[in-house]
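# How does the following fold in three dimensions:
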Amino acid sequence: MNSGDVRRLVERIQSLPTLPGSITRITKLLDNPDTTANEVGKEIEADQVLSAKVLKLVNSGFYGFSQPISTIPHAMVLLGFEVVKTLVLSTTVLDMMSRSMAGLWQHSLACARTCGIIARHIDMDDPEETSVIGLLHDLGKVVLEEHLAEEFSEIARIIAEEETLFYEAEERVFGVTHANVGGWLLGKWQLPSNLVEPITYHHNFHPARTHAARTAVVHIADILVRAEGYGSGGDRRIPTLSPESLKTLDLTMEDVRDVMEAMQDEIRDVVR
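Alright, predicted model coming up:
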């Protein structure tokens with residue numbers, strides 16, 4: 001498949017999730033540095049459906065808060081503007097995810113929690129934002145399944161017959177992967193590069209990229225979650241872990257074992 005074919009396939013995805021009026025207003029508020037958490041909270045709470053979805057997501061387990069969060073302003077204070085903005089924008093995709101590939105929601109939730117475990121283990125700033133990246137790292141699969149069903153079925157056939165990795169089958173069918181599609185969608189929503197880049201390159205880690213540390217966290221978390229069998233990414237193989245990703249985060253194999261022990265303690269109940 002040449003680049004022209006890829007472009008035509010992408011242009012066929014005409015109905016990527018759009019932003020309702022309430023979300024557009026909320027996004028403008030979140031982009032204003034003078035906006036307070038209370039102002040944003042009131043705007044989100046004015047849309048009861050959106051408010052319920054955001055609170056459900058915040059309390060779903062991937063942050064590991066010991067007490068439930070019952071109000072949007074409380075979520076704003078704990079998580080910050082950028083995380084809440086991403087959650088607001090992602091509610092449509094997450095609804096689709098819960099109805100899509102078997103096991104994808106569980107895999108994504110476990111990846112989000114593991115991103116948080118790794119981020120805390122290395123004392124990374126903003127572990128909550130890193131958890132959001134883990135939650136959304138496979139959203140491109142949802143978009144492809146929803147809007148390119150015929151080609152998506154061909155991917156499933158290749159995986160079943162050849163036991164290949166999901167993104168390898170995507171490259172053969174589309175010439176691009178779900179990681180690219182997810183990055184395009186978040187870019188369309190004008191989210192910052194520190195959220196977009198790790199999703200775009202989580203299967204193609206390189207230490208020289210701007211947000212290499214966050215990308216390394218998602219890359220490692222995705223592979224560990226696959227190895228532990230939490231949910232399903234759509235295939236049965238485990239991608240190769242990039243040694244450069246461990247080096248970027250200054251992680252040893254002993255650190256990895258510590259992370260996996262924390263996963264076993266924290267994730268089993270969350271996924272259930």
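
# rest of the way, CA atoms for contacts and neighbours
Fine.

# Now do stretch 180-192: everything it contacts.
Applying C-alpha atoms under 8 Å, 6 or more residues apart in numbering, the contact partners of stretch 180-192 are 16, 86, 89, 136-141, 143-144, 196-197, 199-201.

# Run the chain-centre distance for it.
11 Å (C-alpha atoms, centre = their mean, to the nearest Å).

# Just the C-alphas of that stretch, formatted as CSV.
Provided in CSV are the C-alpha atoms of stretch 180-192 (Å, rounded to 0.1, in the frame of the first residue of the first chain):
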residue,chain,number,x,y,z
ASN,A,180,-1.1,6.9,14.4
VAL,A,181,-4.9,7.1,14.2
GLY,A,182,-5.1,7.8,18.0
GLY,A,183,-2.5,10.5,17.7
TRP,A,184,-4.4,12.1,14.8
LEU,A,185,-7.6,12.2,16.8
LEU,A,186,-6.0,13.7,19.8
GLY,A,187,-4.2,16.2,17.6
LYS,A,188,-7.6,17.1,16.0
TRP,A,189,-8.8,17.8,19.6
GLN,A,190,-5.8,20.1,20.0
LEU,A,191,-4.4,18.3,23.0
PRO,A,192,-0.8,19.0,23.9
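
# pLDDT on it, on average?
The predicted model assigns stretch 180-192 a mean pLDDT of 79.

# try stretch 100-119
Stretch 100-119 shows a mean pLDDT of 89.

# what sits up against it?
Stretch 100-119 has contacts (C-alpha under 8 Å, 6+ apart) with 61-64, 97-98, 125, 127-128, 130-138, 142, 145, 217-218, 221-222, 225-226, 230-234, 259, 262-263, 267, 270-271.

# re earlier: just give me the closest of the contacts of stretch 180-192 to residue 34.
Proximity of those to residue 34 (C-alpha to C-alpha) peaks at residue 86, which lies at 18.7 Å.

# With residue 107 as the reference, measure out to that closest one.
19 Å (C-alpha to C-alpha, to the nearest Å).

# The two: which is more packed in?
Using other C-alpha atoms under 10 Å as the criterion, residue 86 and residue 107 rank with residue 107 on top: 23 against 20.

# The more buried one and residue 210, how far apart?
For residue 107, the distance to residue 210 - C-alpha to C-alpha - is 26 Å.
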